[in-house]
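[1] How does the following fold in three dimensions:
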Amino acid sequence: WKPKDELLLVCGAGGSRTEPFIKYHRILNCRLLVIYKNGCKSKYLLISLHILIIGCNFGCELKVHPVMNIKRNITFALESRKKNGVLIIENVPIRMRVVFDSHRIEFTTGYRIDVAKWDAKAQRVKNGCTNKLKQSASDINADLLKQYTEIQNIFKEFEVQNVMPTTEQVKDAFMLSTKVKDGAEQDKVKEPSIKFMKAYDEFVSEGSIQNAWSDSTMKKFATAKKHLNDFDPDTNFDVWTDKHFNEYIDYLRMQKDMRNSSIVKQIKFLKWFLRWASRKGYNQNMAFDKFMPKLKSASKKVIFLTTEEINRIRILQIPESKQYLERVRDVLLFCCFTGLRHSDVYNLKRSDIKENHIEVTTIKTSDSLIIELNNHSRAILTKYKDIPFPKDKALPVISNQRMNEYIKELGQMAEINEPIRDTYYKGSERIDEVMPKYEFLGTHTGRKTFICNALALGIPVQVVMKWTGHSDYKSMKPYIDVADDIKANAMSKFNML
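    Okay, the predicted model is just below:
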């Protein structure tokens, strides 16, 4: 008699060996799965109900049956996923596929890896590689082996029980043994508890309260959100890899016609948000932290009004049809002689004006400043002291946007049209534009003018910083360089003697 399948053998404690093993039985001419049973006095005890053999060489009853052999194939591969018709090759989930009895089950292993770091033949992560979460190849591969072994053990249990499992039974057994949920929840990179754009709104709301953001800052973040939404309406935290960042940069350059300097600001806003989301636990993709784009940029020129240009604006005869420019001129000159930002002169109250100075708490930095009055700034305040303005304001200041437009108009009328070259980059392309100086004038020109002229007059840097609220020399360096140029040009006048 030659049975084709293995037989189940329960062997008593007849020797020192205690672990199960497979043994060839000479008389039965078959293999036996030997399992020790403590406390059994006989040397061998074979149990089952399929085959009964009496009077074998051991003089005992043998009960044997065939052990089921479930043919199966267990493989590991990267998930095939596309975005906009293009196959995703970064941060791709690793899947375990189990095929048996014409059934197929897909398990998510809980790991992700770039396609370039995956060895498809070996079905393992290439040695020395890490994923976005800094998990090493050795750690990932070791866990993949554990999951492979666990699946194999599950099938062996069903074989011993002589049961062909359903796909649900295999899933349940694997989930119970590994405590990993099925489907998308198996990923160790958990799905965020909040959507990307909803988290962005929470970030802005929280930041505006904690940091007392100005309306201007709020508008900047609102604009940044619009750009993100236009670029990828269904964006999520996981997609922000180097590749996606580069696609966003290309979008801002080509679709939004942005300069490199403007793109850098947008990336700065986005990374600020992603850092916040990471601290909150919403984002687990830390690829953004090492994304450092090297976009060419030209140093920004400091555009300010010379004393001669200030006088030209001051004596300008404004026609009756453009009397709105008179108040714009007064506010601009007041900034030129105090160094105040538009937001601070806009918020200046009569109660802030003292006998010889003004006291302000800046909107942008909340610095408390005391700025002494000179003849020019005092004269402007005196001109409007008896004219009432809403909210007890000291001066007739209009919105920043409208004032920027009117200052350019004022500069054009005053013939402040020195050719100025503006150099900037779009991608790797350098662009040079030459425009009249008045095109570069705006509300911030007043503050720049105050700093440059104060330094050129020889007022110490420390004193100027006290007036303007600058906290370090780095931010003052561009103005110092301009002041040095003014002094050098002034010295050349001695050559004319």
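
[2] ok now the one helix or strand Arg378 maps to, how far from the chain's centre?
    Secondary structure here is read from DSSP states H and E; on that basis Arg378 sits in helix 375-383. Going by C-alpha atoms, centre = their mean, to the nearest Å, the spacing between the C-alpha centre of helix 375-383 and its chain's C-alpha centre is 49 Å.

[3] So which bits of it are buried?
    Within helix 375-383, the residues that qualify as buried by neighbour count (16 or more other C-beta atoms under 10 Å) are 377-378, 380-381. From N, CA and C alone the C-beta is placed, and that goes for glycine too.

[4] got the contact list for the spatially most central residue of the chain?
    For the chain, the residue nearest the mean C-alpha position is Leu274 (3.6 Å; C-alpha atoms, centre = their mean). For Leu274, the residues meeting the contact criterion (C-beta atoms under 8 Å, 6 or more residues apart in numbering) are 237, 240, 283, 288.

[5] Also Asp352?
    For Asp352, the set of contacting residues under the criterion of C-beta under 8 Å, 6+ apart consists of 358-360, 394.

[6] Number of residues surrounding the residue nearest to Pro436 when sequence neighbours are not counted?
    Using C-beta to C-beta, 6 or more residues apart in numbering and skipping the chain neighbours, the partner closest in space to Pro436 is Asn417 (3.7 Å). Residue neighbour count, defined by other C-beta atoms under 10 Å, stands at 13 for Asn417.

[7] check which helix or strand covers Asn73.
    Element membership of Asn73 [criterion: DSSP H and E] is strand 72-78.

[8] That strand pairs with which strands, and in what direction?
    strand 92-100 (antiparallel) (DSSP bridges).

[9] What are the buried residues along the partner strand?
    Result for strand 92-100 [16+ other C-beta under 10 Å]: buried residues 92-96, 98, 100.

[10] which residues sit against that strand?
    Contacts of strand 92-100 from elsewhere in the structure, counted by C-beta under 8 Å, 6+ apart, are 70-79, 81, 104-109, 111-115, 118, 125, 140, 144, 147-148, 151, 155, 170, 187.

[11] Convert the C-alpha atoms of the helix or strand following that strand to PDB, please.
    Moving toward the C-terminus from strand 92-100, the first helix or strand encountered (DSSP H and E) is strand 103-113. Output for strand 103-113, consisting of C-alpha atoms alone and laid out as PDB, is shown next (Å, rounded to 0.1, in the frame of the first residue of the first chain):
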ATOM      1  CA  HIS A 103      -8.700  33.500  -5.100                       C
ATOM      2  CA  ARG A 104      -6.500  36.700  -4.800                       C
ATOM      3  CA  ILE A 105      -6.100  38.900  -1.700                       C
ATOM      4  CA  GLU A 106      -4.300  42.200  -1.700                       C
ATOM      5  CA  PHE A 107      -2.800  43.300   1.700                       C
ATOM      6  CA  THR A 108      -1.200  46.700   2.300                       C
ATOM      7  CA  THR A 109       2.000  46.100   4.200                       C
ATOM      8  CA  GLY A 110       2.100  49.500   5.900                       C
ATOM      9  CA  TYR A 111       5.200  50.700   4.000                       C
ATOM     10  CA  ARG A 112       5.900  53.000   1.100                       C
ATOM     11  CA  ILE A 113       9.000  53.300  -1.100                       C
END
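
[12] List the strands paired with the helix or strand following strand 103-113, with their directions.
    Once the chain leaves strand 103-113, the next helix or strand it forms, by DSSP H and E, is strand 118-119. Taking DSSP bridges as the criterion, strand 118-119 forms sheet pairs with strand 124-125 (antiparallel).

[13] what's near enough to touch Lys220?
    By C-beta under 8 Å, 6+ apart, the residues touching Lys220 are Phe269.

[14] Secondary structure of it: a helix, I assume?
    Yes - the assignment for Lys220, made by DSSP: H, G, I helix; E, B strand; the rest coil, places it in a helix.

[15] Quickly note the distance from it to Thr362.
    Taking C-beta to C-beta, to the nearest Å as the criterion, Lys220 is separated from Thr362 by 18 Å.

[16] And Ala199, by the same measure?
    31 Å.

[17] So for these two, which residue has more residues nearby?
    The residue with more neighbours, out of Ala199 and Thr362 and counting by other C-beta under 10 Å, is Ala199; that gives 21 against 16.

[18] Correct me if wrong: the more buried one contacts Gly281.
    No - with contacts defined as C-beta atoms under 8 Å, Ala199 does not count as touching Gly281, sitting 10.4 Å away.

[19] so where's the longest helix in this protein?
    Once the chain is assigned using DSSP state H, the helix that runs over the most residues is helix 137-160.

[20] Check which helices and strands that one sits against.
    For helix 137-160, the packing partners by 3 or more C-beta pairs under 8 Å, 6 or more residues apart in numbering; DSSP states H and E come out as strand 72-78, strand 92-100, strand 103-113, strand 124-125, helix 167-178.

[21] Which residues does the helix or strand just after the longest one contact?
    This means helix 167-178. Per DSSP H and E, helix 167-178 leads on to helix 196-210 as the next helix or strand towards the C-terminus. Applying C-beta under 8 Å, 6+ apart, the external contacts of helix 196-210 come out as 192, 194, 213, 217-218, 221-222, 225, 228-229, 235-237, 273, 276-277, 280, 282-283.

[22] again, only using 6 Å
    Residues outside helix 196-210 that contact it (C-beta atoms under 6 Å, 6 or more residues apart in numbering): 221, 225, 235-236, 273, 276-277, 282.

[23] Pick the one among those residues closest to Cys336.
    For Cys336, the closest of the contacts of helix 196-210 turns out to be Phe221, at 30.8 Å, with distances computed as C-beta to C-beta.
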